[in-house]
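[1] pasting a predicted model and its sequence here:
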There are 2 protein chains.
Amino acid sequence: MMKYKEVVKGLQEGIERGDFKATGQLPTIAALCKDYGVSKITIKKAMDDLEQMGLISRRRGSGTFVKNGAAKPVARSGLEMSQQMSGFNAEHSARGEKVESVVYDFSVTTPPEKVARLLGMEPDEFAYHICRVRLADEVAYAIEYTYMPIKVIPDLRLKHVEASIYAYVEDELGLKIASAHRTVRASLPTAEECERLGVGQHEPLLEVEQIGYLDDGIPFEFSVSRHPHGYEFFTISTR
Amino acid sequence: MMKYKEVVKGLQEGIERGDFKATGQLPTIAALCKDYGVSKITIKKAMDDLEQMGLISRRRGSGTFVKNGAAKPVARSGLEMSQQMSGFNAEHSARGEKVESVVYDFSVTTPPEKVARLLGMEPDEFAYHICRVRLADEVAYAIEYTYMPIKVIPDLRLKHVEASIYAYVEDELGLKIASAHRTVRASLPTAEECERLGVGQHEPLLEVEQIGYLDDGIPFEFSVSRHPHGYEFFTISTR
DNA sequence: AAGTGGTCTAGACCACTTC
DNA sequence: AAGTGGTCTAGACCACTTC
């Protein structure tokens, strides 16, 4: 394991144990260098991680502070971490939930102009179109509309769509999913969606539009997911 | 200006100009070290920034890739960047919009138990409570409910609440706002909110719950903002 | 003046991809 | 084997806070 990850783990556990409650501060970088037997830059990289995780705040000239309330972060419980990028299966399976999909459409078509542009496709190129309702422990969790260029993701089959598209892309095709650009907004269900999700026509939905990228910068998916009430999305922002 | 920021700027401009379109790749780190006359770690830090901004993707062993479509990022136009943390005033003023607030409540009270806990307050400590509707170019943009501990933010006045609370905290108190933890969900307006925002009772709202932190890790604000239709929230996530 | 974190260097060594 | 990005070091110098 990389040294800076060891430091991240050690400090995170310390924070959760409440080791730094007395002062509210972590030891200085110099002290941590000695403690862990590593160089300054390694401690700094670990702190970059902890800051991203929302656990600490740094102030030049005065020290590194544990965020009040960071010990028991709500973020870890049932929320979607916007930092993460793992697909529904990984997220829910990790919580021990049974994940299923109902596939309403799986076809090949030329995508709408906006989608083609966002995916860097020519107007006459083909893409899969997928509509799925995702269930976790038999509860509808989202209805999801996805376009994926056939050029980028060859030979996608119904069995993959019913199971996990991400697993097919990564494990079978050997591609690496690297990042996603997401836009979140509120919306209302269509009549069809009311039926498929089992919600009322006035139930507000959280809509997440996503462009997924591989590690070579190629977009491999455009999707819109609409989530019934109760679904939350968590983010940490820094200046 | 710091060297790595110069590199960020240079590469970003290059990406927007389309300089790297031919290969889709940035020059190698070694080449950029020569070009900019800086060390490897400085180039790496610049690339960390560009990756956070959603402009590039890196692949160990093969190179650094410009994200397809990154040239004209939708993100920069009218969207809320979840990475940012600047308050409504700065966001909208930057776009040349006239920003106003209608204050419906400004009082001092003991906050609900959940809020007190999140703000690290004792049950009998006082906090300001503020309800404001924010307008940009005369259009209601959000209704916002805020609690701030009086211990952390002393002597807040109506004039600050009508103008910009962030400006008071930073410019007058000399405190530094460092980060925010945000949870996003969908909701519906109350009857009162329909009137104050001028929306119908079935209009879905985007609700953003936020805890704001100073650079010493102390939470200074808990707020819930509810935004009418059209409001969007943008995020970039990496694995 | 002393102590804190931030930037930057030159270079070693490593993990991974490509040929 | 050659080329790519990633981690890590020891140390210089700087910006900022605290006393």
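    Happy to help now that I have it.
[2] quick one: neighbours of residue A:170, just the number.
    Neighbourhood size, residue A:170 [other C-beta atoms under 10 Å in any protein chain shown]: 15. Yep, even glycine has a C-beta here, placed from its N, CA and C like the rest.
[3] any chance you could map the strands in chain A?
    Secondary structure of chain A (DSSP state E): strands located at A:56-59, A:63-66, A:80-81, A:99-109, A:127-136, A:139-149, A:177-187, A:205-214, A:219-227, A:233-238.
[4] which one of these has the lowest average pLDDT?
    Per-stretch mean pLDDT for the strands of chain A is lowest at strand A:80-81 (a mean of 46).
[5] before we move on, back to that, out of the strands of chain A, which is closest to DNA strand D?
    strand A:56-59 (6.2 Å; C-beta to the nearest atom of the strand).
[6] and the helix of greatest length in chain A, what does it pack against?
    The single longest helix within chain A, with elements called by DSSP state H, is helix A:3-17. Applying 3 or more C-beta pairs under 8 Å, 6 or more residues apart in numbering or on different chains; DSSP states H and E, one finds that helix A:3-17 contacts helix A:29-36, helix A:40-52.
[7] that helix near DNA strand C at all?
    No - Helix A:3-17 lies out of reach of DNA strand C by C-beta under 7 Å from any atom of the strand, never closer than 11.5 Å.
[8] mind putting the strands of chain A in a markdown table, mean neighbour count included?
    A markdown table is the format used below for the strands of chain A (neighbours: other C-beta atoms under 10 Å in any protein chain shown):
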| stretch | mean neighbour count |
| --- | --- |
| strand A:56-59 | 20 |
| strand A:63-66 | 22 |
| strand A:80-81 | 18 |
| strand A:99-109 | 14 |
| strand A:127-136 | 20 |
| strand A:139-149 | 21 |
| strand A:177-187 | 22 |
| strand A:205-214 | 23 |
| strand A:219-227 | 22 |
| strand A:233-238 | 21 |
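[9] residue B:142 is nearest to which of those?
    Closest of those to residue B:142 is strand A:177-187, at 12.3 Å (criterion: C-beta to C-beta).
[10] check whether that closest one comes near chain B.
    Yes - counting by C-beta under 8 Å from any C-beta of the partner chain, contacts between strand A:177-187 and chain B involve A:177-187.
[11] okay, which residue of chain A is out on the far edge from center?
    The C-alpha centroid of chain A is most remote from residue A:34, which lies 35.3 Å away (C-alpha atoms, centre = their mean).
[12] from residue A:43, how far off is that one?
    Separation of residue A:34 from residue A:43 (C-beta to C-beta, to the nearest Å) stands at 10 Å.
[13] again with residue A:144
    For residue A:144, the distance to residue A:43 (C-beta to C-beta) stands at 41 Å.
[14] roughly how far out does the longest helix of chain A sit from the chain middle?
    22 Å (C-alpha atoms, centre = their mean, to the nearest Å).
[15] list the buried residues of it.
    By 16 or more other C-beta atoms under 10 Å in any protein chain shown, the buried positions in helix A:3-17 come out as A:4, A:7-8, A:11-12, A:15.
[16] using a markdown table, please lay out these together with distance to residue B:136 and pLDDT.
    Formatted as a markdown table, the buried residues of helix A:3-17 follow (distance: C-beta to C-beta, whole Å; pLDDT from 0 to 100):
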| residue | distance to residue B:136 | pLDDT |
| --- | --- | --- |
| A:4 | 42 | 98 |
| A:7 | 44 | 98 |
| A:8 | 40 | 97 |
| A:11 | 41 | 97 |
| A:12 | 40 | 97 |
| A:15 | 39 | 96 |
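[17] now, which of the residues you listed sits nearest residue A:226?
    The nearest member of the buried residues of helix A:3-17 to residue A:226, counting by C-beta to C-beta, is residue A:12 at 34.3 Å.
[18] who are the contact partners of that closest one?
    The contact partners of residue A:12, taken as C-beta atoms under 8 Å, 6 or more residues apart in numbering or on different chains, are A:50, A:53, A:55.
[19] what's the answer for residue A:9, then?
    Residue A:9 neighbours (C-beta under 8 Å, 6+ apart): none.
[20] how about the residues of chain A that lie near DNA strand C?
    Counting by C-beta under 7 Å from any atom of the strand, the positions of chain A adjacent to DNA strand C are A:26, A:28-30, A:40-41, A:44, A:47, A:58-64.
[21] kindly recompute the last result at 10 Å.
    A:2, A:25-33, A:39-41, A:43-45, A:47-48, A:51, A:56-65, A:174, A:176, A:215-216 (C-beta under 10 Å from any atom of the strand).
[22] need phi/psi at the residue in chain A that DNA strand D sits nearest to.
    Chain A approaches DNA strand D most closely through residue A:61 (2.5 Å), counting by C-beta to the nearest atom of the strand. Here is the backbone geometry of residue A:61 (degrees, to the nearest 10): phi 90, psi -20.
[23] circling back: buried ones among the residues of chain A next to DNA strand C?
    For the residues of chain A next to DNA strand C, a neighbour count by 16+ other C-beta under 10 Å gives the buried set as A:25-27, A:29, A:32-33, A:43, A:45, A:47, A:51, A:56-58, A:63-65, A:215-216.
[24] ok, and of the residues you listed, which contact chain B?
    With C-beta under 8 Å from any C-beta as the criterion, those include A:51, A:56-58, A:65, A:215-216 near chain B.
[25] need those in JSON lines (columns: distance to residue B:123).
    Formatted as JSON lines, these follow (distance: C-beta to C-beta, whole Å):
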{"residue": "A:51", "distance to residue B:123": "30"}
{"residue": "A:56", "distance to residue B:123": "27"}
{"residue": "A:57", "distance to residue B:123": "25"}
{"residue": "A:58", "distance to residue B:123": "31"}
{"residue": "A:65", "distance to residue B:123": "24"}
{"residue": "A:215", "distance to residue B:123": "50"}
{"residue": "A:216", "distance to residue B:123": "54"}
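[26] just name the closest of those to residue A:109, please.
    Nearest to residue A:109 out of those is residue A:216 (C-beta to C-beta; 25.2 Å).
[27] so what's that closest one closest to, chain neighbours aside?
    residue B:65 (5.0 Å; C-beta to C-beta, 6 or more residues apart in numbering or on different chains).
[28] my read: that neighbour touches residue B:24, true?
    Yes - using C-beta atoms under 8 Å, residue B:65 makes contact with residue B:24 at a distance of 5.7 Å.
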